[in-house]
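Build me a model:
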Amino acid sequence: MKPTWWPGEQHESFTEWAVSQGITPNGVTPARFPGRGLGMIATRNIKKGETLLRVPLEAMFTINCVPESFSSKFPEGTPVHALFAAFFTNGNAEDLQKYNLWRNTWPSRQDFQDSMPIVWPEFLRGSNPDQTLLPPSISGTLNTFQKRKAEYPYDSSHQNLLPQQEKRLQDAWGKVISVFPDTDWETFSYHWLIVNTRSFHYLMPGEEPPEDRNDAMALLPFADYFNHSDVIDDVKFNGKEYVFRATESYDEGEEVYMSYGPHPNDFLFAEYGFFLDKNDCETLYLDDIIFRDLSPSLQEELNLQQYYGNYQVTSTGACYRTEIAACIKYMTPKDWQNYVFGYSTKGVDDKKTETIIREWIKAYGKEANTTIAKLEDIRSPSETDGKVEMLLKRWKQIYDLCQQAVEAVSC
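Purely as a prediction, here's the structure:
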C-alpha cells in the first residue's frame, strides 16, 4: 500500500532515473502535501547537519548540456537562460529524450498562471495606470501618488521586479525567434519560467562571475523538489557536486526545506509565485516615497555620498541608509556631511529623524490600505479570485509590517 504522501507514478519513475544518474538522496524523497503540492519529505528522522542530497556535476543540466549544433545557431552573448528555454522548446527530440522523465515532473503552465504575476491578466499586472494591484516592489508603480523617475541610476535588484522580469523574457524571446521564427510563445515562455523558477547558482571554483548573474545558472534534477523556507542556507557546490545538508532536525514525515536565498516576500512572489507567512528577510523599500519628499539637490548629495536608493524598512525599524536620508531633510549641508563621514554628530536630532521616517512608513501603509480597498471591490467568484486573494494576503502582510515598523521607530 502506498503512503498517503505518495507523489505518483511519474515522480517515482523519475526518482529511479535520478538515482541512475548518480544523484544520491539520503533520507528524503518527493512527496505530495495536501493543499501545498509537491515537496521533499523526510523518510526517517534526520539530524541537523546531515547530508540529504548529492547531485554530481554530470547529472546537472549546464550550458555544456546544450548541443553545440544547437547553441551555435545563436549569436555570442545570448543569455544562458534564453538558451536553456530555447533548447527545451526547439531542441531535437532525440537530444531531449534523456530528460523526458524529469520534464514530466515539472509544473504545468496552468500552475504558473495561477501564481506568477508575469502571466496574470493585464488588469492584475498593473497595465492600467489608474489601478495598481501588485506591491510597488513588484510593479514599480503606486496608487496614492505618481512615481517620479529616479534622478540617478542605482542597483535595485529587489525593486521594479516585474518590469525587469518582463524585459528579460522579451529579450530572450527576440533572440529565439530570430533563430526559430516559428517558435510558439506559450511553449517558450513556459520553458523560460521553468528555468527561472528551478535554476541554481552555478560557477566553477575560481571562475569569474558573469556580468549578468542570471548567466551563472544550472538546473539540478531532483533538487528542484525542495521548497523554500526561511532557514539557514547550507547548500554548497565544490566544482564536482552540489551538496545539500539539513539546517535543522526533522522527524520522519515532515517536509524538508531549503533556502533559495535571503529574499523578501515580494521577490519570492514575483520570481517563484509564492511568499512566506513568516520571513525574517521581509523588507519594504521606501525609495519612491523618499524621492518624492526630497529636492533634486538633496538627492544629488545623497548620490554623491553613495546613499542614493535602497531605503529599507523591516518590522524592527529602518535601515541606516533611511536614517541618513531622513537627516538630510533637516540638517545643514555641513553638519550632514560631517555626520556621514563620521566626523561629528552635531545637528543630529533623533526625534526629528524618527518623525520623518514614521511619516514615510505611514505613506506606505496608506498605499496598502488603498490597494486593499480596491481588491475588496473586485472580489468575485471568478477564475481570478485565487489571484485576488493572494494579493489581498500579501497587501495585508505589508500593512501589518508598516504598523510594526512605525512602532519600532517610535521606541
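
got the end-to-end distance for stretch 205-221?
21 Å (C-alpha to C-alpha, to the nearest Å).

What lies in contact with that stretch?
By C-beta atoms under 8 Å, 6 or more residues apart in numbering, the list of residues contacting stretch 205-221 from outside reads 14, 18, 21, 23, 55, 59-63, 79-81, 84, 99, 102, 168, 195, 198-203, 238-239, 242. The C-beta positions use only the backbone N, C-alpha and C, and glycine is treated the same way.

By neighbour count, sort out the buried ones in the residues you listed.
By neighbour count, with 16 or more other C-beta atoms under 10 Å, the contacts of stretch 205-221 hold 14, 18, 21, 23, 55, 59-62, 79-81, 84, 99, 102, 168, 195, 198-200, 202-203, 242 as buried.

sorry, back to before: okay, and which of the contacts of stretch 205-221 map to helices?
The helices, defined by DSSP state H, take in Phe14, Ala18, Val80, His81, Phe84, Trp102, Arg168, Val195, Arg198 from the contacts of stretch 205-221.

Closest to Asp288 out of those residues?
Arg168 (22.1 Å; C-beta to C-beta).

Pretty sure that closest one sits against His81.
Yes: using C-beta atoms under 8 Å, Arg168 is in contact with His81, at 7.0 Å.

what about the strands in the stretch 151-300 of the chain?
199-201, 217-219, 227-228, 235-237, 241-245, 255-258, 284-285 (DSSP state E, counting those that start in this stretch).

Which among the ones you listed is found nearest to Asn265?
strand 284-285 (9.5 Å).

Just list what that closest one packs against, helices and strands only.
Packed against strand 284-285 by the contact rule (3 or more C-beta pairs under 8 Å, 6 or more residues apart in numbering; DSSP states H and E) you find helix 136-139, strand 312-314, helix 385-410.

And the worst-scoring helix or strand of the chain on mean pLDDT, what's buried?
When the helices and strands of the chain are scored by mean pLDDT, DSSP states H and E, helix 122-125 comes last with a mean of 88. By 16+ other C-beta under 10 Å, the buried positions in helix 122-125 come out as Leu124, Arg125.

Export only the CA atoms of that helix, formatted as CSV.
This file holds the C-alpha atoms of helix 122-125, laid out as CSV (Å, rounded to 0.1, in the frame of the first residue of the first chain):
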residue,chain,number,x,y,z
GLU,A,122,-3.2,42.6,-17.6
PHE,A,123,-5.7,44.2,-15.2
LEU,A,124,-4.0,42.3,-12.3
ARG,A,125,-0.5,43.0,-13.5
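
I'd like to check which residues are in contact with Ala93.
No contacts exist for Ala93 under C-beta under 8 Å, 6+ apart.

Pull up the gap between it and Glu9, please.
Distance, Ala93 to Glu9, using C-beta to C-beta, to the nearest Å: 23 Å.

Scan this structure for its longest helix.
Longest among the helix segments of the chain by residue count, using DSSP H, is helix 350-378.
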